[in-house]
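In: Structure here, sequence nowhere to be found:
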């Protein structure tokens, strides 16, 4: 039957409405987005930063970063129940804080992001279906990452957990507690210019040491360990703050968290003279509200399981192995060992030095920032017995 022009137009309009409605449904249900197994990325939200005053966005506004507008989000004062019921975890992050967290064209990446994917794919969280990972709740400063846990908007909390290499003690800020470490056994690194004569800590007497401005932990460490040195705090408002302070001779060397320093000096003329200074131990934790004890228990259980997986070791090696680590050749009494598939530093110490407990000697001799950062085929120098 031949259709009349007016009827054709009507049918076309109906078709457009049906297609648009189907697309909207598919988007909301996740059909049109790429979803890895287990935990999932929201992939469509935009940043929700704290303002300088620490206030959340105005209540009542529905923006792309508000899960309630996209996922029919239902606020729940219990963060664990909110995560399990809404199938989404909202994470407070500092952006950028490479290689811990960053974004490229709005797409999140970094160690914390990939770790969160593994974490919320664990049985504690995914029995009712996969969990979406929403890292688009960003702040500009490190100290505001846990503070955002205490901010409310639209009848509920802004975020569920805080992740950004947090090293605060429990109840700091007041009302926040922390999990067991999800990233540990790293320390402060000594960074120098390539060709610098500074190679050991004994050479730091009388030198000017740069540290990150506003980091009381590193200041306490440096002033205690190197009392004969001058300490200069440098702002990280410029991403090249380490390289510029050294290139301009504002400081002679820089002491900084190794995990963050990897990306900070990448592609520069700087190197790690020492990847882990004696007595420095960094443990990064996840912050939750003090009232969320059930969530704390779930997180600790999942963290322990993830850290035992090959996927976790792969993350460590992909994000924290640097090509700018200073090394020296073997001397008399030392020998070379080629790492084999499945080797651990403990096992190497046992077979080569007679005691697994001596793995720290191998770690220090080879300037390894973490005992897990060894690869098959790598040449290690074994100290003399």
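Out: Thanks, I have the structure now. These figures come from a predicted structure and were not determined experimentally.
In: Next, count neighbours for residue 78.
Out: A total of 15 residues lie near residue 78 under the criterion other CB atoms under 10 Å. The C-beta positions use only the backbone N, C-alpha and C, and glycine is treated the same way.
In: I meant to write residue 280 there.
Out: When neighbours are counted by other CB under 10 Å, residue 280 registers 20.
In: And it, how far from residue 199?
Out: The span separating residue 280 from residue 199 equals 17 Å under the rule CB to CB, to the nearest Å.
In: and what of residue 284?
Out: Residue 284 sits 28 Å away from residue 199, taking CB to CB as the criterion.
In: So which of those two has more stuff around it?
Out: residue 284 (22 against 13).
In: Give me the secondary structure label for that one.
Out: strand (DSSP: H, G, I helix; E, B strand; the rest coil).
In: One more: residue 342?
Out: Judged by three-state DSSP, the three-state class of residue 342 is coil.
In: How about residue 80, nearest residue that isn't a chain neighbour?
Out: When the adjacent residues along the chain are set aside, residue 80 lies closest to residue 295, with 4.0 Å between them (CB to CB, 6 or more residues apart in numbering).
In: Same check on residue 252?
Out: Of all residues beyond its chain neighbours, the one nearest residue 252 is residue 207 (4.2 Å), with distances taken as CB to CB, 6+ apart.
In: Check residue 168 too.
Out: Residue 168 sits nearest to residue 146 (CB to CB, 6+ apart), 6.2 Å away.
In: ditto for residue 143
Out: Distances taken as CB to CB, 6+ apart place residue 214 nearest to residue 143, at 7.7 Å, with adjacent residues excluded.
In: Surely the one you found touches residue 233?
Out: Yes - the pair formed by residue 214 and residue 233 meets the contact definition of CB atoms under 8 Å, at 7.2 Å.
In: Name the residues contacting each of the two.
Out: When CB atoms under 8 Å, 6 or more residues apart in numbering defines a contact, no residue borders residue 214 and residue 233 alike.
In: if we can go back for a sec, wait, the residue nearest to residue 168 sits on residue 171?
Out: No - with contacts defined as CB under 8 Å, residue 146 does not count as touching residue 171, sitting 10.5 Å away.
In: between the two, who's got more neighbours?
Out: More crowded of residue 146 and residue 171, by other CB under 10 Å: residue 146, with 28 against 11.
In: Identify the residues contacting that one.
Out: Applying CB under 8 Å, 6+ apart, we find residue 146 in contact with 92, 162, 166, 168, 172-173, 176, 287.
In: Give me the subset of those lying in helices.
Out: Where the contacts of residue 146 are compared with helices, as defined by DSSP state H, there is no overlap at all.
In: in the stretch 251-385 of the chain, which spans are strands?
Out: 253-257, 270-274, 282-289, 335-338, 379-382 (DSSP state E, counting those that start in this stretch).
In: Just say which of the ones you listed is most tucked in.
Out: With neighbours taken as mean count of other CB atoms under 10 Å, the strands of the stretch 251-385 of the chain reach their highest mean count in strand 253-257, at a mean of 25.
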